[in-house]
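Trainee: can't give you the sequence, but here's the structure:
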């Protein structure tokens with residue numbers, strides 16, 4: 001599923017960035033370009049980041 005339509009960034013790409021150490025929407029933007037145009041996807045990216053932090057905290 002696409003997270004960022006403007007840059008054609010998928011949810012899988014965002015997860016890969018998080019697994020590689022990204023901890024903020026800005027770091028994901030710098031790597032993938034997601035959020036640099038209209039920024040509509042930034043909320044989605046933040047939600048994915050939050051979910052991944054919660055998963056790590058419960059593991």
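Mentor: Arrived safely, thanks for sending. Values in this document were obtained by computation on a predicted structure and should not be read as measured data. Residues are numbered from 1 along each chain as shown.

Trainee: buried sites along stretch 24-39?
Mentor: Neighbour-count burial for stretch 24-39 flags 25, 27, 28, 29, 31, 32, 34, 35 (criterion: 16 or more other C-beta atoms under 10 Å). C-beta here means a position set from N, CA and C on the backbone, and glycine is covered the same way.

Trainee: quick check, residue 3 in a strand?
Mentor: Yes - counting by DSSP: H, G, I helix; E, B strand; the rest coil, residue 3 is found in a strand.

Trainee: I'd assumed residue 52 was in contact with residue 15.
Mentor: Yes - the pair residue 15 / residue 52 is scored as a contact, 7.4 Å apart, by C-beta atoms under 8 Å.

Trainee: could you say which helix or strand contains residue 45?
Mentor: Per DSSP states H and E, residue 45 falls inside helix 42-58.

Trainee: Show me what residue 4 is bridged to.
Mentor: Note on residue 4: beta-bridge partners by DSSP bridges are residue 9.

Trainee: Around it, count how many other residues there are.
Mentor: Neighbourhood size, residue 4 [other C-beta atoms under 10 Å]: 26.

Trainee: how much space between it and residue 56?
Mentor: Plainly put, residue 4 is 23 Å away from residue 56 if you go by C-beta to C-beta, to the nearest Å.

Trainee: Same question for residue 8.
Mentor: Separation of residue 8 from residue 56 (C-beta to C-beta): 27 Å.

Trainee: When those two are compared, which one has more neighbours?
Mentor: Remark: of residue 8 and residue 56, residue 8 carries more neighbours, 12 against 9, as counted by other C-beta under 10 Å.

Trainee: Apart from its chain neighbours, what residue comes closest to the more buried one?
Mentor: residue 2 (6.6 Å; C-beta to C-beta, 6 or more residues apart in numbering).

Trainee: Quick one: residues contacting that neighbour.
Mentor: For residue 2, the contact set (C-beta atoms under 8 Å, 6 or more residues apart in numbering) comprises 8, 9, 10, 11.

Trainee: Dihedrals phi and psi, residue 35?
Mentor: Main-chain torsions, residue 35, degrees, to the nearest 10: phi 100, psi 0.
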